[in-house]
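*Asks:* return atomic coordinates for the entry below.
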Amino acid sequence: MRGILIFDHLNDVLFTKCNLKFSKHVQNLGKIQGLIPDNEDEEPWQLSANVIMQLFSPVVTSQQVMASQFGNSYTSMQCQDGTNMVFDDAMGYTFIYVSTDDVEFMKRTLGICVMIVSHVCGPDIAALKSSRQKASLVSSLLDAWRTLRQSEQSILTESVEQLSVNADIASTMLKILHDASDKLRTQSELSNVHVLVLVENKFLSLYSSKNAQDLRAADILLMVLMCRVVTSDSSKSDTLDNEPDILLSQSHGSSDEGSLDIGGKLANPTLADIGHLFNDTRQSSINEGLNSLAEDGLYSQLVLLGPEQSRTANAVHIYEISEGIHLVIILEVTNLGISSGIYESFYHLNVMNGLQLQRDLDELRIAFDKFDNAIKKTIDGIKKNRGHVSNDVDMCQRRLQVKWEFVRKKYLELLKSRDPEVILQIESNISGFIETMKELFKLTCFGRNFLQQANDVILTVCRLVKQKFTDFSGFLKVKALKNFTLRSRTSLTINKYLEEFPGLVHFIYIDRTTHRLTAPTLDFTNPETLALTTKKIWSMIDHGRSHLQEGHFSVMWKDTTFNYAYFLWFEDSSGSPLKCKTYFNNVMKNFPVPGILCDDYYKKLGQACFPKIPVNKIQIYELYCVHLGLATSSCVLEHSRRLAATIWEVTGLPNNPADLV
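*Replies:* This is a model prediction of the structure:
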């Protein structure tokens, strides 16, 4: 049984994604409590948002009170029957995951859900209530993550796996992407561009224009998930246990992006569904129906990319060059000042709402100053780009400014007089101000016209790249299946030098500065690896992470067949080892789960270990090793040191030896 629920501050259900067991369980509880008539014979996928709200309101209200008034919200709880509930929140919205799974896995899953929602909806999470397209995309991206996490080491470790090709091919690929970027930038509105190629969930090449915001490893992983959604087999469901999920979204009134009335929908994606997911908002000259959308092969979506409070809105265009090979074109559609200003405004307003409930006027003054600066940043960003914004944006910005002046005066009055009556005046006027903020956000970050900008040029560039990739497609797909094979001896690959490591069966090396992963592709048919299963490797990673969260950076253990080892170490910018001498187990309890999708765990770890060193001067590395059981601890340690020192022979990135323990 599993179900993910999102509630707003009024306990209204914005989004529900669950399986049939959860739906039936909710219906049974509803009948027991008299919320559903006993004689009413509902289909198991027909979820009632009203029933869900009434059943979960006590828990949601308690969670919100604990968070807003005491700053001590629940992280999880367990019911008498063993069912677990995990909680998270974002922008004042409550996320709940109900399941019988392990709590740590549930926390990671819910964190991934929050991350996906923030990229798809930004700070306007309420859009899930009215937009079928956004709710469906969030659901599909969650399914993609759950599926790939079971099969891809990169998604499991939350790192980008680089496809290994020789220098000549790599240079040719980069030249192709460079030329594609130049052709796109001939259009004035396409000045900030990223062009990248993914092969079977692996990273091949990326070219970014000069002034484009840096594309983070977490953004690339999101592109991997989006490509997975595009290529989902319509005859299968990407769910964890082969049981299709039920997606419930609500709508009051109409939505520009389409709405799904209260009721259930089984999440078995068809070609038509995928077309709707990626093209409902693209009104190009060829948008004459789902068949034409399938024929042009260009799938488009608006998402926010970048660090949480510095995100820009981007039009993402995905084009399948060949089966399993995707060209991804990312175009920035708003400048950083506007998008980050709006995000910060929503964020600080949410903080202020909590402080108002607590009647903490001293902290409210600080939050108000930050909110005031964020509004000014947004308005200034629009004014500076007035020549590039529409009349609708300009008019909306003017309305926001007028409403903000009134609300601002009321806040200043409150901070001066400390009169509780003023809070009531603020609360009675703030809803209209928030609606104008949401309208401005939609116009500047999720405007319908962004996906049709230079669409013909984008499609032409995609077809040119496809033509140039014709000679390489077969080779790249073979490489993706066996990126580094254990028995390849014909060229200098990672496996060639494995001959120097007798007893080493498998390893995963991750540069946590760039979050790039290097690992052999497992061949489970070889005698040495016959007993090594995906389950054992996945368990090894979970085991290493659990010790890392306890503050242990070096761990070795064994089972009946293999020796396992996990190391994490730090270096300065010159490659010299950095030793963490502080024991900060209590601090690490407040860290996110290890990874980069929910939050950059490793960046926080580096800052906590070396508070006096700038974070960009700290290099972090991870290494997992699997040896045959006969290998001694000293042999494992010696191999690990040499592997860390010589991995650059394959990656092409020189590295200095490091002390692992």
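*Asks:* would you map out the domains in the protein?
*Replies:* Residue ranges for the domains of the chain, per automatic domain parsing: 2-130+138-149, 162-234+269-333+457-474, 337-445, 482-651.
*Asks:* now render these as CSV, adding mean neighbour count.
*Replies:* Bear in mind the C-beta positions are built from the backbone N, C-alpha and C, glycine included. Formatted as CSV, those follow (neighbours: other CB atoms under 10 Å):
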stretch, mean neighbour count
domain 2-130+138-149, 18
domain 162-234+269-333+457-474, 19
domain 337-445, 17
domain 482-651, 17
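*Asks:* compare the ones you listed and report which one is nearest to D245.
*Replies:* domain 2-130+138-149 (5.5 Å; CB to CB).
*Asks:* next, the distance between the ends of the closest one.
*Replies:* This stretch, domain 2-130+138-149, spans 17 Å end to end (CA to CA, to the nearest Å).
*Asks:* ok, back up a step: in CSV: the domains of the chain, plus mean pLDDT.
*Replies:* Output for the domains of the chain, formatted as CSV (pLDDT from 0 to 100):
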stretch, mean pLDDT
domain 2-130+138-149, 89
domain 162-234+269-333+457-474, 81
domain 337-445, 88
domain 482-651, 83
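*Asks:* tabulate these (TSV), appending distance to L156.
*Replies:* Shown next, in TSV, are those (distance: least, CB to CB, whole Å):
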stretch	distance to L156
domain 2-130+138-149	5
domain 162-234+269-333+457-474	11
domain 337-445	29
domain 482-651	6
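*Asks:* got the residue ranges for the strands in the stretch 501-650 of the chain?
*Replies:* Per DSSP state E, counting those that start in this stretch, the stretch 501-650 of the chain has strands spanning 504-511, 516-518, 554-558, 562-571, 577-578, 619-628. These are given in chain order.
*Asks:* before we move on, what about the stretch 251-400 of the chain?
*Replies:* Using DSSP E, counting those that start in this stretch, strands in the stretch 251-400 of the chain cover 298-305, 312-322, 325-332.
*Asks:* packing partners of the first one?
*Replies:* To tie it back to what came earlier, the one meant is strand 298-305. In this structure, strand 298-305 packs against helix 103-121, helix 217-230, helix 271-279, strand 312-322, helix 455-469, with contacts taken as 3 or more CB pairs under 8 Å, 6 or more residues apart in numbering; DSSP states H and E.
*Asks:* what about 6 Å?
*Replies:* Here strand 298-305 touches helix 271-279, strand 312-322, going by 3 or more CB pairs under 6 Å, 6 or more residues apart in numbering; DSSP states H and E.
*Asks:* partner strands of it, with direction?
*Replies:* Sheet pairing for strand 298-305, assigned by DSSP bridges, gives strand 312-322 (antiparallel).
*Asks:* tell me the angle the strand it pairs with makes with strand 325-332.
*Replies:* 160 degrees (axes from the mean of the first three to the mean of the last three CA atoms, to 10 degrees).
*Asks:* for strand 312-322, the distance to its chain's centre please.
*Replies:* Relative to its chain's centre, strand 312-322 lies at 16 Å (CA atoms, centre = their mean, to the nearest Å).
*Asks:* cool, stretch 3-13 as well?
*Replies:* Stretch 3-13 sits 20 Å away from the centroid of its parent chain (CA atoms, centre = their mean).
*Asks:* reformat the strands of the stretch 251-400 of the chain as TSV; add distance to F562.
*Replies:* Shown next, in TSV, are those (distance: least, CB to CB, whole Å):
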stretch	distance to F562
strand 298-305	39
strand 312-322	37
strand 325-332	34
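*Asks:* re the thing from before, of the domains of the chain, which approaches I246 most closely?
*Replies:* domain 2-130+138-149 (4.8 Å).
*Asks:* among the domains of the chain, which is nearest L247?
*Replies:* L247 lies closest, by CB to CB, to one member of these: domain 2-130+138-149, at 4.8 Å.
*Asks:* how much space between the nearest residue to V303 once chain neighbours are set aside and C445?
*Replies:* Nearest in space to V303, with sequence neighbours left out and distances taken as CB to CB, 6 or more residues apart in numbering, is H119 at 4.9 Å. Applying CB to CB, to the nearest Å, the value for H119 to C445 is 12 Å.
*Asks:* with G595 instead?
*Replies:* Separation of G595 from C445 (CB to CB): 26 Å.
*Asks:* how about CSV for the strands of the stretch 501-650 of the chain, with distance to F591 added?
*Replies:* Putting those into CSV (distance: least, CB to CB, whole Å) gives the following:
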stretch, distance to F591
strand 504-511, 18
strand 516-518, 21
strand 554-558, 18
strand 562-571, 13
strand 577-578, 19
strand 619-628, 14
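*Asks:* out of the ones you listed, the one nearest L206 is which?
*Replies:* Nearest to L206, of all these, is strand 516-518, at 11.6 Å by CB to CB.
*Asks:* what does that closest one contact?
*Replies:* S154, S159, V160, E161, Q162, Y509, I510, T651 (CB atoms under 6 Å, 6 or more residues apart in numbering).
*Asks:* over to stretch 214-221?
*Replies:* In contact with stretch 214-221 (CB under 6 Å, 6+ apart) are residues V160, H194, L305, H515, I596, L597.
*Asks:* and with 8 Å instead?
*Replies:* Contact with stretch 214-221 is made by 154-155, 158-160, 194, 196, 203, 206, 208, 305-307, 330, 514-516, 596-597, 600, as judged by CB atoms under 8 Å, 6 or more residues apart in numbering.
*Asks:* chain center to that stretch, what's the gap?
*Replies:* Relative to its parent chain, stretch 214-221 has a centroid offset of 9 Å by CA atoms, centre = their mean.
*Asks:* show me what contacts the closest residue to V351 other than its chain neighbours?
*Replies:* Spatial nearest neighbour of V351, chain neighbours left out: A367 (4.8 Å); criterion: CB to CB, 6+ apart. Each residue near A367 by CB under 8 Å, 6+ apart is listed here: H348, V351, M352, L355.
*Asks:* any idea how far the third one is from D369?
*Replies:* Yep, that's M352 we're talking about. Following CB to CB, the distance that separates M352 from D369 is 11 Å.
*Asks:* what's R399 in contact with, if anything?
*Replies:* T436 are the contacts of R399 under CB under 8 Å, 6+ apart.
*Asks:* count of residues packed around L476?
*Replies:* Look at L476: counted by other CB atoms under 10 Å, it has 23 neighbours.
*Asks:* that one contacts I325, correct?
*Replies:* Yes - if you go by CB atoms under 8 Å, L476 and I325 touch, sitting 6.1 Å apart.
*Asks:* name the residues contacting each of the two.
*Replies:* The contact lists of L476 and I325 share V199, F469, where a contact means CB under 8 Å, 6+ apart.
*Asks:* what's the closest non-adjacent residue to S76?
*Replies:* Nearest non-adjacent residue to S76 (CB to CB, 6+ apart): V86, at 4.7 Å.
*Asks:* now the helix or strand hosting L204: how far from the chain's centre is it?
*Replies:* Element membership of L204, judged by DSSP states H and E, is strand 202-208. Relative to the mean C-alpha coordinate of its chain, strand 202-208 is positioned 18 Å out (CA atoms, centre = their mean).
*Asks:* and that strand, what does it pack onto?
*Replies:* Applying 3+ CB pairs under 8 Å, 6+ apart, one finds that strand 202-208 contacts strand 160-161, helix 167-184, strand 193-199.
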